[in-house]
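>>> Build me a model:
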Amino acid sequence: MRLVQLSRHSIAFPSPEGALREPNGLLALGGDLSPARLLMAYQRGIFPWYSPGDPILWWSPDPRAVLWPEEFHVSRSMKRFHKTSPYRVTLNHAFERVVAGCASDRDEGTWITHDIVQAYHRLHELGHAHSVEVWQGAELVGGMYGVSQGALFCGESMFSLAENASKTALLVFCEDFIHQGGQLIDCQVINSHTASLGATEVPRRDYLEWLSALRIQSLKEKCWVPRTLFSPLR
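Presented below is the predicted three-dimensional model:
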């Protein structure tokens, strides 16, 4: 196992099975954030994650954190909150603002550099990256974004500026994703927040097998059309 230097003239990646054990999942460095390279990475279970000033680092950790959307854990307090939720939830209405919100989050956004923002905006324009927005009135108070791979959604980041806003984004997205034919959400690396919502760790080889099968499956035709996913009771 060794760290591979990527060429700027080829979008090929080494096998994820060659990733380092320490730090867990580090596979390669360099290359660029072009749409073609990013899509190749996601198709192979690889994602970029690096700090400002560092070279681009590419990861495929083992184990991998995933969330089966039907197993999203809704606590009793969250159930009570959602019944009288003040939030409206939309899909693909404000992608740039959601990424900016994630970038501004102290815990979530330290790795979301200007280059990352521009790269995922290009993916969004090409129909591969999507956002979920949580609104309180006219104010954006939370959201999440990620990259679609057929019936699998690769979650990248989320943010929250109000009570339960990011939980609402994921809850509503899970419900709609199931309805659209979605089967699995990639959470990359487990943390206490995603674990509390039902995320679990699986061997990388299992994730890669699921990815290979799910990324070629189609969702409903208008799955990613901008629309309202949830409106508060009047």
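>>> Sketch out the low-pLDDT regions of this structure for me.
For the chain, the stretches with pLDDT under 70 are 106-109, 234.
>>> Spell out for me which residue occupies the centre of it.
Central residue of the chain (Cα atoms, centre = their mean): residue 155, 1.2 Å from the mean position.
>>> how near is that one to residue 177?
11 Å (Cβ to Cβ, to the nearest Å). From N, CA and C alone the C-beta is placed, and that goes for glycine too.
>>> What pairs with the lengthiest strand in the chain, parallel or antiparallel?
In the chain, with assignment by DSSP state E, the single longest strand is strand 139-149. Strand 139-149 pairs in its sheet with strand 129-136 (antiparallel), strand 152-160 (antiparallel), by DSSP bridges.
>>> Counting residues, which helix of this structure comes out longest?
Looking across the chain with DSSP state H, the single longest helix is helix 165-180.
>>> If you compare the directions of that helix and strand 139-149, what angle comes out?
40 degrees (axes from the mean of the first three to the mean of the last three Cα atoms, to 10 degrees).
>>> residues making contact with the next helix or strand after helix 165-180?
Once helix 165-180 ends, the next helix or strand along the chain (criterion: DSSP states H and E) is strand 184-188. The contact list for strand 184-188 (Cβ atoms under 8 Å, 6 or more residues apart in numbering) reads 47, 49, 59, 61, 64-69, 146, 151-155, 174, 177, 194, 199, 207, 210-211, 214.
>>> residues in contact with the helix or strand following strand 184-188?
Next along the chain after strand 184-188, taking DSSP H and E as the criterion, comes helix 192-196. For helix 192-196, the external contacting residues (Cβ under 8 Å, 6+ apart) are 65, 67, 73, 187.
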